[in-house]
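Q: What would the 3D arrangement of this be:
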Amino acid sequence: MRKRLQRAANCLLFALLAMYILTASKLSYGQDINASLSGTVMDSSGAAIPEAQLTLTNVATLFKAEVVSGATGDYTFRNLTPGKYDLVVLAKGFKSSTQKGIELAINQAARVDVNLTVGRTDETVTVTADTSLINYENQTLEGGVSPEAL
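A: Coordinates of the predicted model:
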C-alpha cells in the first residue's frame with residue numbers, strides 16, 4: 001500500500017514538473033525581441049565573395065557590429081535591436097557598397113544580398129532600400145510592432 005502511494009506521488013510530481021517545463025519554455029520564447037540580418041556577398045556574375053568586411057551601424061544609437069563573410073560569401077548579424085541600420089561592405093578589388101535604410105522589426109530574420117562591382121576600392125556605391133519582408137530563415141507567419149510604437 002505504501003509503495004503504491006509513493007509511486008502515485010512520484011507520478012504526480014513528474015507530471016507537474018513536465019507541465020512546468022513546457023509552460024516555462026513557451027513563456028520564455030515570446031520574450032525574444034531581437035532581430036537578425038543575413039545574406040550573401042556576390043560579384044556582378046553571381047559568384048560568392050569570401051572574406052568581405054561587413055559593418056552594420058544602427059542609425060539611432062551608432063552601435064556598430066562587424067563580421068567577415070564566409071567561404072561561400074554568407075554573413076549573419078545576430079541579436080540586433082529593432083531599428084534602422086546602414087550596411088557597409090568592403091572587399092579587395094571591388095568598389096565598396098553602402099546600403100542605407102535597412103529597417104529591422106521585432107523578431108525579424110531579414111535577408112539582404114549584396115552585389116559588388118569590380119573597381120577601385122576608393123569608389124563607393126550607395127544603395128537606399130528596405131529589407132525584404134519575406135522570412136527566408138523559417139516558415140513562420142508573424143506580425144510586428146514598429147520601434148516607434150514601443
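
Q: Nearest residue to the middle of the protein?
A: Nearest to the mean C-alpha position of the chain, counting by Cα atoms, centre = their mean, stands Ser36 at 1.2 Å.

Q: Quick check, that residue in contact with Ala109.
A: Yes. Ser36 is in contact with Ala109 according to Cβ atoms under 8 Å; the separation is 5.1 Å. C-beta here means a position set from N, CA and C on the backbone, and glycine is covered the same way.

Q: do you know how far Lys3 is from Gln108?
A: From Lys3 over to Gln108 the distance is 55 Å, taken as Cβ to Cβ, to the nearest Å.

Q: Looking at the two, which is more packed in?
A: Gln108 (21 against 7; other Cβ atoms under 10 Å).

Q: how many other residues sit next to the nearest residue to the more buried one once chain neighbours are set aside?
A: Excluding the flanking residues, the one nearest Gln108 by Cβ to Cβ, 6 or more residues apart in numbering is Ala35, at 4.4 Å. Close neighbours of Ala35, defined as other Cβ under 10 Å, add up to 23.

Q: Okay then, goodbye and thanks.
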